[in-house]
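J.: following is a predicted model, sequence given first.
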Amino acid sequence: MRDGLVYKKTKDPQAAFLEASILRELRGRGVAVPEVLDCRDGVLVMEYLRGEPLPDVIERGGYDAGALAGALCDWFGAFYGAAAVPAGTAGESRGDVNGRNFLVRDGRICGVDFEERCFGSRARDAGRLAAFIETYDTRDRESQEALAEAFMRGFAERFGCDMSEILDERELEYAAMRLRRGHHAS
């Protein structure tokens, strides 16, 4: 960050252009994402969004799990609405649901880091994000578990996903985490 702006440099100018295009499209459709101010020579210039990364909120604890889960579902609602993907179909998804790609500010969520278009199911987005939520270190394990549960249930209800599909996707993400961390799945 410099001058209240974020400068994101990539080796591939096309990647920066793609991310700028995705961000402009989403923002134009009302999704809370950074405003793109410039994109050239592999450098994407965006507004700096104040907010706290979701993992930091989880690790600190002391939040209202239901309200935070609702804010996450609201953000996904705006995202899916902007993507114009019918419920229950495999279409554009958030894909990269690492918690660091969500900022919390004043009880609302903003999404960041859209380097590629992702395609998959909504249940995959929910299950993967729930796995991340559940694996962050925290001082408030009770709120963390309540957040993951409220998010999955709220997501299933709001987007017509089968809870068993979300839970299956969460388990797949746990297995992927174990592989990334050098642990073998049992």
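T.: Done, it's in.
J.: isn't residue 152 up against residue 165?
T.: No. Checked against C-beta atoms under 8 Å, the pair residue 152 and residue 165 is beyond contact range at 10.5 Å. Backbone N, C-alpha and C define where each C-beta goes, glycine included.
J.: quick check: neighbours shared by the two?
T.: Jointly contacting residue 152 and residue 165 under the rule C-beta atoms under 8 Å, 6 or more residues apart in numbering are residue 127.
J.: and the two? which has more neighbours close in?
T.: More crowded of residue 152 and residue 165, by other C-beta atoms under 10 Å: residue 152, with 24 against 16.
J.: on the three-state scheme, that one is what?
T.: On the three-state scheme (DSSP: H, G, I helix; E, B strand; the rest coil), residue 152 is labelled helix.
J.: what residues are up against it?
T.: Residue 152 touches 126, 127, 130, 163, 166, 167, 170, counting by C-beta under 8 Å, 6+ apart.
J.: what helix or strand does residue 67 sit in?
T.: helix 65-83 (DSSP states H and E).
J.: now do that helix, average pLDDT.
T.: For helix 65-83, the mean per-residue pLDDT is 90.
J.: flag every buried residue along that helix.
T.: Residues of helix 65-83 classed as buried by neighbour count (16 or more other C-beta atoms under 10 Å): 65, 68-76, 78-80, 82-83.
J.: ok, and what's touching it?
T.: Contacts of helix 65-83 (C-beta under 8 Å, 6+ apart): 25-26, 29-32, 57, 87, 91-92, 94, 102, 104, 107-111, 122, 125-126, 129, 143-144, 146-147, 150-151, 154-155, 158-159.
J.: good, we can wrap up now.
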